[in-house]
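Asker: from the sequence below, what's the structure:
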Amino acid sequence: MATIKLDLSGLKCPLPALKTRKALKAVPPGDFLEIICTDPLSVIDIPNLMRETGDKVEITERAERRIVFLIERIAGLADAAPQ
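Answerer: Take a look at the predicted model:
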């Protein structure tokens, strides 16, 4: 299992969710995508995106101005969706 890191610090809504969706397409099932965000709305947007894609948010860490999501890629809805 590998972890791909993506730093989306400084990006505002909706860019963190859009870039996360795009990055997930390159992550094989069973691997992880670690997202670092500074946009407070990402605590709403990223979990909502995971409900759409069928992937799983493993860890959500919230520091002073930083939010970290560890997402497990699961073969599911996103794989079946047309490109």
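
Asker: what ranges in the chain fall below the confidence cut-off?
Answerer: Segments of the chain classed as low confidence (criterion: pLDDT under 70) are 76-83.

Asker: am I right that Lys19 is in a helix?
Answerer: Yes - assignment of Lys19 by DSSP: H, G, I helix; E, B strand; the rest coil places it within a helix.

Asker: what number of residues lie near it?
Answerer: The burial count assigned to Lys19 is 15, neighbours taken as other Cβ atoms under 10 Å. From N, CA and C alone the C-beta is placed, and that goes for glycine too.

Asker: show me the contacts for the residue nearest the centre of the chain.
Answerer: Geometric centre of the chain, nearest residue: Thr20, 4.6 Å, by Cα atoms, centre = their mean. Thr20 sits next to 6, 8, 33, 35, 46, 49, 71 when contact means Cβ atoms under 8 Å, 6 or more residues apart in numbering.

Asker: contacts only, for the last one.
Answerer: Residues in contact with Ile71, defined by Cβ under 8 Å, 6+ apart, are 20, 24, 32-35, 46, 50, 55-58.

Asker: again, but for Ile59
Answerer: Applying Cβ under 8 Å, 6+ apart, one finds that Ile59 lies in contact with 68-70.

Asker: could you rerun that using 10 Å?
Answerer: For Ile59, the contact set (Cβ atoms under 10 Å, 6 or more residues apart in numbering) comprises 32, 34, 68-72.

Asker: host element of it?
Answerer: strand 56-62 (DSSP states H and E).

Asker: quick one: secondary structure of Ala23?
Answerer: What three-state DSSP gives for Ala23 is helix.

Asker: so the closest residue to it other than its chain neighbours is in which element?
Answerer: Of all residues not flanking Ala23 in the chain, Leu6 sits nearest, at 5.3 Å (Cβ to Cβ, 6 or more residues apart in numbering). Secondary structure from DSSP H and E places Leu6 in strand 3-7.
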